[in-house]
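Student: just coords:
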């Protein structure tokens, strides 16, 4: 069991995109304690210390959740809604990082309390820069609730 608190939880089912996010954050020393999960059910279990993650009861929540919307088993919007409707987790910053530009997804995400909604750039350099900018803002510049 790892006793180091997770700083960033990345919930992304596309492993190539997840690897790109992880590589860019680590290259810029923004994700020393990052956890990648690729389905919605496991993400909820991790966040709420259920199932195989019940041992996490005494651990702090991530400082940031990077959340894709299109996930297997449970959608990102459902995860977001559960996080933001729970007293213990509602202050965790959640950044939706998705390829969806659909108005309904954007509207629902903000209605549920997302902190930021970012459409993944298709260009490699733009995507890398967006990830670095997200990490810099949320992990360095933003003053989070402790």
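Tutor: Alright, I've got the coordinates. Keep in mind that what you see is a predicted model, and the values were worked out from it rather than measured.
Student: quick one: low-confidence residue ranges for the protein.
Tutor: Applying pLDDT under 70 to the chain picks out residues 1-4, 57-59, 144-146.
Student: ranges for the strands of it?
Tutor: In the chain, strands defined by DSSP state E lie at 8-11, 34-37, 64-67, 94-98, 116-119, listed in chain order.
Student: show me what the nearest residue to residue 116 once chain neighbours are set aside is bridged to.
Tutor: Of all residues not flanking residue 116 in the chain, residue 95 sits nearest, at 4.5 Å (Cβ to Cβ, 6 or more residues apart in numbering). No exception for glycine: its C-beta is placed from N, CA and C like everyone else's. Following DSSP bridges, residue 95 is listed with bridge partners residue 66, residue 116.
Student: hang on, the earlier thing: redo the strands of the chain as JSON lines? Include distance to residue 105 and mean neighbour count.
Tutor: Below are the strands of the chain laid out as JSON lines (distance: least, Cβ to Cβ, whole Å; neighbours: other Cβ atoms under 10 Å):
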{"stretch": "strand 8-11", "distance to residue 105": "15", "mean neighbour count": "25"}
{"stretch": "strand 34-37", "distance to residue 105": "20", "mean neighbour count": "18"}
{"stretch": "strand 64-67", "distance to residue 105": "12", "mean neighbour count": "27"}
{"stretch": "strand 94-98", "distance to residue 105": "7", "mean neighbour count": "24"}
{"stretch": "strand 116-119", "distance to residue 105": "8", "mean neighbour count": "16"}
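Student: ok so, going back, could you measure the residue nearest to residue 116 against residue 131, distance?
Tutor: From residue 95 over to residue 131 the distance is 10 Å, taken as Cβ to Cβ, to the nearest Å.
Student: ok, the residue nearest the centre of the chain - contacts?
Tutor: Taking Cα atoms, centre = their mean, the centroid of the chain lies closest to residue 66, which sits 1.9 Å from it. Residue 66 makes contact with 8, 9, 10, 11, 12, 21, 95, 97, 134 under the criterion Cβ atoms under 8 Å, 6 or more residues apart in numbering.
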